[in-house]
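> A predicted structure for the sequence below; I have some questions about it.
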Amino acid sequence: MTRTEPIWEFREINISRDSSREETREYLTFKAERGRWELDQTRIYRDGRKKVRLRRKVYRVVNSL
């Protein structure tokens with residue numbers, strides 16, 4: 001049996017510059033706890049916009065029949 005690299009699912013989220021740090025933290029924490037997402041990349045632009053990329057591992061179900 002060969003071991004392969006994990007397969008990841010990604011989701012990009014754009015967060016407005018008007019959103020506070022606390023609101024952003026609460027939203028990302030909710031996504032992490034409920035959807036098993038983890039933070040992959042964060043980019044903050046000069047105008048205050050934030051672009052966040054989340055990832056989670058894709059689990060494959062193997063039929064044993």
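Great, that's in hand. Numbers count the residues shown, from 1 in each chain.
> burial of residue 63, as a residue count?
4 (other Cβ atoms under 10 Å). C-beta here means a position set from N, CA and C on the backbone, and glycine is covered the same way.
> Next, give phi and psi for it.
phi -80, psi 120 (degrees, to the nearest 10).
> could you measure it against residue 4, distance?
Here the criterion is Cβ to Cβ, to the nearest Å. By it, residue 63 lies 18 Å from residue 4.
> Then residue 16?
39 Å.
> These two - which one has more neighbours?
Counted by other Cβ under 10 Å, residue 16 and residue 4 do not tie: residue 16 has more neighbours, with 10 against 7.
> Might you report the residue contacts of the more buried one?
residue 49 (Cβ atoms under 8 Å, 6 or more residues apart in numbering).
> which residues in this protein form strands?
Assigned by DSSP state E, the chain shows strands spanning 8-15, 38-44, 50-57.
> Between strand 38-44 and the last one, find me the angle.
Okay, so that is strand 50-57. Strand 50-57 runs at 160 degrees relative to strand 38-44, counting by axes from the mean of the first three to the mean of the last three Cα atoms, to 10 degrees.
> Contacts for strand 50-57 next, please.
The set of residues external to strand 50-57 that reach it, using Cβ under 8 Å, 6+ apart, is 6-15, 17, 19, 24, 28, 31-32, 35-45.
> cool, and the second one?
Counting by Cβ under 8 Å, 6+ apart, strand 38-44 makes contact with 10, 28, 32, 50, 51, 52, 53, 54, 55, 56, all of which sit outside it.
> Just name the most buried of the strands of the chain.
strand 50-57 (a mean of 16; mean count of other Cβ atoms under 10 Å).
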